[in-house]
Each structure stands twice: as structure tokens, then as C-alpha cells.
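[1] I would like to see how this sequence folds:
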Amino acid sequence: MGRTLRLSEGRFGRLVLAELAAGDRLEAQDDPVIVLQSRYDLVLFLNPGEAHESGGPTRVLALHAAREWLRSSFPAVFEPAQGQPFLQPNETITPRIRQLADALAVEVLNDRFLSPERLEFMLQELLLSIIETYFARRRSAARLWSGSRFEDTRIRRALALMRAHPNKELNMDQLASQVELSRSRFYDLFHVCTGFSPRAYLDMLCVETAISRLSSGRGKIAEVAAELGFSAQSNFTRFFLNQVGVPPSEYRRATSTQREDVAASGDPSAAR
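    The predicted structure follows:
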């Protein structure tokens, strides 16, 4: 499967960051595979037993998703009897899924800074975005969400609002009111659905956004801090250090070095 750059394993299965040349093959064996490519604006879906041949040099992030992990969130979609869960071989990537793919690639490459909890969070976000974006087009809502942890439409609305503008100043009481839940009920349902408290989930979204901005090499750290609702850059630095383990300036330097290494390797698609 080309040259493997990083391999992460967990309850989710295997996540492989690799560089493919033209003609290299990706294969799904017992578990489905979701493939995110840096060069092409498509998400690839491989059912068990299917394969994909690369049309040209590209960097890919391939999630060999464990069936049990998939079923724990979406039992109706990934039930044992559903041998071919993916109805389409590929879909056009959305801006949200592109952002997740790019942030995941950066995080996996900087795996010394990546906690298992944050990786699990980002993969959960990826799976949820894929279900909401692609599966919802071809399956009835009642069937799609039946038995899912995310079955409650009010929590899905809350997640959409949080993703639209990740900001540390977000008032959780107001958010609960927007989705027509009391504060206590909102917190209880949110934790059941996501495995996180609303504030912890928001922190993860802010970290993801910060990593996307810092790794792009564009904009000042103070601008990232202001975008995420921090009143001072020093507050953002403390938050990022607590969440990631290094200051944002050091994280930016690490990703800058990697971009230079990628450029020197001669693979322009990998530098995206």
C-alpha cells in the first residue's frame, strides 16, 4: 500500500497515513475502509473485499474502521447483516470533512503531541460528518439514526452549532435553551451521546481549529486566539499547552519543519 508514514491503532481500528504512487493499491479486508486523499477532492469508501488503485501520487489517510467501533455508534448502518455498508464507492469531499482530514493528517504526523482521547474525538467527528453528509441522502432518517448514540436531534443540533463557530465564550446555558433543553438535561444527554461534557467537546473543537490554523502557516497566533474567543494570547497559549502539551509557537515550528521536509521530498500533493 505504498509507503507508510504513520500507523495508529485503537478501539477504532487502524489509521494509516501513507504516500501512494500511481498503481499502488488499497485493500479492505474484513473491515470497511474510509480513504481521504490530499490530491483529490473525493472521499473513497471500500467495503470488505474491495480495493482501490491509485491514479497518481498522493498522500492518503486510510481508516480501517473496526466493525464493533462503527456499530457502537451506528448499529442500524453497520449491523452484522449489512455486509456492504457503503452504497457509493466515492463522494465529493465537503469543506468540513476536508478540514478534519487535514487536521487529522497533521495530528498523526505530529503523533508525539497527539493523545488517544483527541484522536478518538476527531475520528468520531469524522464518522459523524460522513453519516450526516452522505448516508443521510440515501437512507430514511428513522432507519439511519435508529439505536444510535446520536439519535437525539437536539444534541445533533447543538453539535452543529458548536462546530459552526468554535469559541471559548460560548454560553452553554444559552446553547441548551436554543435546542430546547434544560441545562441539566442538556448536560446529561450530551455526555451520553458524545462521551464528553459540552465544555470538553468545545475545547476539542477549539484545539482542532487551532491546529488547522497553526499548521497552515498563515496568520498570527494572536489572530488564532482572537478567532477562538480568547481575550489575550497568553490565555490561548496556556489553553493550548494544557490540551496539546506544547505551546502553539512550538507546534507551528514542528509543522513548518514537516512542510519543508515534504517539499524537499518532491511530492507536491503531500504538502497540502
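
[2] Okay, now the unreliable bits of the stretch 1-150 of the chain?
    Filtered on pLDDT under 70, the stretch 1-150 of the chain yields the residue ranges 1, 80-83.

[3] can you pull out the helices in it?
    67-73, 95-109, 116-130, 136-138, 141-145 (DSSP state H, counting those that start in this stretch).

[4] right, so of those helices, which gets closest to Leu189?
    Closest of these to Leu189 is helix 141-145, at 14.1 Å (criterion: C-beta to C-beta). Yep, even glycine has a C-beta here, placed from its N, CA and C like the rest.

[5] So what touches the closest one?
    Around helix 141-145, the neighbours that count as contacts under C-beta atoms under 8 Å, 6 or more residues apart in numbering are 74, 76-77, 131, 135-136, 151.

[6] Buried residues, the helix or strand that that helix is followed by. List them.
    Proceeding N to C from helix 141-145, the next assigned helix or strand is helix 153-164, under DSSP states H and E. Neighbour-count burial for helix 153-164, counted by 16 or more other C-beta atoms under 10 Å, picks out 154-156, 158-159, 162-163.

[7] ok, of those, which one's closest to Gly56?
    Using C-beta to C-beta, Arg163 comes nearest to Gly56 of those, at 32.0 Å.

[8] quick one on the thing from earlier: from the contacts of helix 141-145, keep the buried residues only.
    Buried members of those, scored by 16+ other C-beta under 10 Å, are 74, 76-77, 131, 135, 151.

[9] Need the max-distance pair from these.
    Farthest apart among the buried ones among the contacts of helix 141-145 by C-beta to C-beta are Phe135 and Glu151. That separation is 14.0 Å.

[10] Tabulate the buried residues of helix 153-164 in TSV, adding columns for distance to Pro48.
    Formatted as TSV, the buried residues of helix 153-164 follow (distance: C-beta to C-beta, whole Å):
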residue	distance to Pro48
Arg154	35
Ile155	31
Arg156	28
Ala158	34
Leu159	29
Met162	34
Arg163	31
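
[11] Please tabulate those in TSV and include pLDDT and distance to Thr94 as additional columns.
    Converted to TSV, those look like this (pLDDT from 0 to 100; distance: C-beta to C-beta, whole Å):
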residue	pLDDT	distance to Thr94
Arg154	97	23
Ile155	97	21
Arg156	95	16
Ala158	97	20
Leu159	97	15
Met162	97	17
Arg163	95	12
